[in-house]
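K.L.:
could you work out the structure for the sequence below:
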Amino acid sequence: MVTFAEYRKMDATALAEAIAKGDLDAAEVLEAAIARAEAVNPEINAIVHQQFEPARQTVADGGAADGPFRNVPYLLKDLGAFDAGQPCTMGSRLWADFVPDHDATYTERCKAAGLVIMGRTNTPEMGLNATTEPTLHGATVNPWNPAHSAGGSSGGSAAAVAAGILPMAHATDGGGSIRIPASNCGLFGVKPTRGRNPAGPDVGEGWSGMSTGHVVSRSVRDSARMMDCTHGPAPGDPYAAPAPARPFADEVGADPGKLRIALMTDGFDGRPLDPECVRGVEDVAKLCADLGHQVEPVQPKLDVGALDQASRTVIAGNVWTAVRLRCEALGREPSGQDVEPVTWALAQEGTQSSAGDYAAAVMVLHQAGRQLAAFFQDHDLILSSTLRHPPLPLGAIDMQDSDLDHYWDALFKDEIAITPFYNNTGCPAMTVPLHMSSDGLPVGIHFGASFGDEATLFRMAAQLEEARPWFDMVPDLG
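P.N.:
Numbering: from 1, shown residues only. The predicted model follows:
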């Protein structure tokens, strides 16, 4: 039998290789993941739907598809990524009984990669928060300190990986929702370039291209290999990211060369970051310089106010459309009784914008993309903190807030001062677990790259991982 100590020491790549060689039994690996889930999930509330028996049946029937991650356990975030015949609640009472009859394209590719899906992870309602505390499923807590948030909106996935249930899990990111929980939970997380991973077949893009999906993981190579498994357009996709020059896995360990790194110790709005975050950024800036990179303090100039309003217009319009369509499917009128107050307020705001307002908002996002592209002509990466603060206490950003302006400011102005701007512009970005706060909480360090350039991110991340390994830095949950 595979012990938890043995299981914990292996990333998804190592597990797949050991299973393929016959050094580990696929059924025993799955049982190790299930046993860990049963031991810690009551404490952290990361998994909100179990698929343990179907997963066992997949392995018993001869295993998953013959892909790079064959028979490695996996969790899907409970937001999109449909898995036919399994519920997908979007963290919302409105979708509590929704069971899709088809797989998402992303899910198809996960299964083709050989992953064994064993459940779904917690998310705030419709992914609309930087913490994971939905009314439907309750709060996911941070495995490092249960009084603090695991982040959002992929908080369940990040908590599950940090707690050792599995080494890698699905996550999505519309304003930071891969990077925020990865930062809070001490994990590696990449937001891909707009159009890198498919959103179909039900939609062509998420939030006008701001939202995308990938994973949170403990190792860089797992993230790179998983992107190799999932990227590329599906038939009918409206657009695609530039094709990589070679597999992303080949970038892990490749020499990044001498990179030109722009250093930010403020948010994009010019307001200061928490001193604890600044200490982390400055420490990593020194590490980068010691590794031979050129680091200089400089910050791109973006119209933060215009981007904030444009994002809000796009998100509100999408929230209203989703709520309306779901209520039509249920045969009833949309009502604030079905969703949380912030969700309903955004939906109502979405009814007030015109088609012209929406088109103008998309123009603002695209203009910012061109401005950031010009900045990246002279810089390879932008270095900053992932968040303005270390992990917040639970309840700090509350979707029960009846004042939408207050909620929006608490989320976008007071906390996520870095991450959304890479969603706005479509550029890839990553959070790397390179700092711990004085009270023992993870603080992610953020790097952004030019459109289509995940390769530089993976090369840089692998160099940092080698220089300052983090794989064995895990919370003590017993």
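K.L.:
what's the end-to-end length of stretch 342-360?
P.N.:
Taking C-alpha to C-alpha, to the nearest Å, stretch 342-360 runs 24 Å from one end to the other.
K.L.:
distance from it to the middle of the chain?
P.N.:
Relative to the mean C-alpha coordinate of its chain, stretch 342-360 is positioned 25 Å out (C-alpha atoms, centre = their mean, to the nearest Å).
K.L.:
and stretch 58-78, by the same measure?
P.N.:
With C-alpha atoms, centre = their mean, you get 21 Å for stretch 58-78.
K.L.:
C-alpha coordinates for it, PDB please?
P.N.:
The C-alpha trace of stretch 58-78 is given here as PDB (Å, rounded to 0.1, in the frame of the first residue of the first chain):
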ATOM      1  CA  THR A  58     -12.100   3.800 -14.100                       C
ATOM      2  CA  VAL A  59      -8.900   2.300 -12.600                       C
ATOM      3  CA  ALA A  60     -10.500  -1.100 -12.100                       C
ATOM      4  CA  ASP A  61     -11.700  -1.200 -15.700                       C
ATOM      5  CA  GLY A  62      -8.100  -1.000 -16.900                       C
ATOM      6  CA  GLY A  63      -7.200   2.600 -16.200                       C
ATOM      7  CA  ALA A  64      -7.600   5.900 -17.800                       C
ATOM      8  CA  ALA A  65      -6.500   6.900 -21.300                       C
ATOM      9  CA  ASP A  66      -2.900   6.400 -22.200                       C
ATOM     10  CA  GLY A  67      -1.700  10.000 -21.800                       C
ATOM     11  CA  PRO A  68       1.200  11.600 -20.000                       C
ATOM     12  CA  PHE A  69      -0.700  11.600 -16.600                       C
ATOM     13  CA  ARG A  70      -2.300   8.200 -16.900                       C
ATOM     14  CA  ASN A  71      -4.000   7.100 -13.700                       C
ATOM     15  CA  VAL A  72      -3.000  10.300 -11.700                       C
ATOM     16  CA  PRO A  73      -5.900  11.500  -9.500                       C
ATOM     17  CA  TYR A  74      -7.300  14.900 -10.400                       C
ATOM     18  CA  LEU A  75     -10.000  17.400  -9.200                       C
ATOM     19  CA  LEU A  76     -12.000  19.700 -11.300                       C
ATOM     20  CA  LYS A  77     -13.100  23.100 -10.100                       C
ATOM     21  CA  ASP A  78     -16.900  23.400  -9.700                       C
END
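K.L.:
ok, and for it, which residues are buried?
P.N.:
58-59, 64, 67-78 (16 or more other C-beta atoms under 10 Å). For every residue, glycine as well, the C-beta is placed using N, CA and C.
K.L.:
got the phi and psi for residue 48?
P.N.:
Dihedral pair for residue 48: phi -110, psi -10, per degrees, to the nearest 10.
K.L.:
ok, how many other residues are close to it?
P.N.:
23 (other C-beta atoms under 10 Å).
K.L.:
how about residue 377?
P.N.:
Count around residue 377 with other C-beta under 10 Å applied: 7.
K.L.:
which of the three states applies to it?
P.N.:
Classification of residue 377 using DSSP: H, G, I helix; E, B strand; the rest coil returns coil.
K.L.:
the one 5 residues further on too?
P.N.:
When states are read from three-state DSSP, the local structure at residue 382 comes out as strand.
K.L.:
give the contact list for it.
P.N.:
Neighbour list for residue 382: 261, 262, 264, 300, 375, 446, 447, 448, 449 [criterion: C-beta atoms under 8 Å, 6 or more residues apart in numbering].
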